[in-house]
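J.: Compute the structure for the input listed below.
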Amino acid sequence: MQYILLIYGDKSEEGTPPGDGVMADYAAFGEEVTANGSFVAGEALQPTATATTVRVRNGEAQSTDGPFAETKEVLGGFYILNVDNLDDAIAAAAKIPGAASGAVEVRPVMVFE
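T.: Take a look at the predicted model:
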């Protein structure tokens, strides 16, 4: 089953690259999930200041600069993993370095048949 692990961090630290030790921890996590075959995708995201939000109202697309919502925590990146169950996804999320200072939201990916 696929799960997306959404990595949230403090907005005040957005756009600041993690220190070398944290980057090494992310590299180690990436190597682990690649080696065990669960890695599907993962990326870091540009700061929310680069976001554009699109809404369609009355059949017309409207775009605004910025994220969908202003919050204290921001989405900084994600991993999509293919694991056996929620417990495995939670165990993987706990190994993501961002979980130590922010939060990692774990959600199953919807499968349409």
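J.: Show the pLDDT at residue 59.
T.: What the model reports as pLDDT for residue 59 is 96.
J.: Could you do residue 70 as well?
T.: For residue 70, the predicted pLDDT is 71.
J.: do the same with residue 101
T.: For residue 101, pLDDT reads 89.
J.: which residue packs closest to it, ignoring adjacent ones?
T.: In space, residue 101 comes closest to residue 9 once its chain neighbours are excluded; the distance is 6.5 Å by C-beta to C-beta, 6 or more residues apart in numbering. C-beta: built from backbone N, CA, C; applies to glycine.
J.: How about residue 84?
T.: residue 1 (7.1 Å).
J.: can you check residue 109 too?
T.: Leaving aside its chain neighbours, residue 109 sits nearest to residue 2 (4.0 Å; criterion: C-beta to C-beta, 6+ apart).
J.: Can you get me a residue count around that neighbour?
T.: 16 (other C-beta atoms under 10 Å).
J.: For residue 79, grab the count of nearby residues.
T.: For residue 79, the number of neighbouring residues by other C-beta under 10 Å comes to 24.
J.: which residues touch the residue nearest to it when sequence neighbours are not counted?
T.: Leaving aside its chain neighbours, residue 79 sits nearest to residue 42 (3.9 Å; criterion: C-beta to C-beta, 6+ apart). Residue 42 sits next to 30, 77-80 when contact means C-beta atoms under 8 Å, 6 or more residues apart in numbering.
J.: distance between the ends of stretch 25-43?
T.: Using C-alpha to C-alpha, to the nearest Å, one end of stretch 25-43 lies 15 Å from the other.
J.: Same check on stretch 32-51?
T.: 30 Å.
J.: Quick one: mean pLDDT for the helix or strand hosting residue 34?
T.: Taking DSSP states H and E as the criterion, residue 34 maps to helix 20-35. On average, the pLDDT along helix 20-35 is 94.
J.: what packs against that helix?
T.: strand 39-44, helix 86-95 (3 or more C-beta pairs under 8 Å, 6 or more residues apart in numbering; DSSP states H and E).
J.: and of those, who's closest to residue 19?
T.: Between residue 19 and the helices and strands packed on helix 20-35, the tightest spacing by C-beta to C-beta is seen for strand 39-44, at 14.5 Å.
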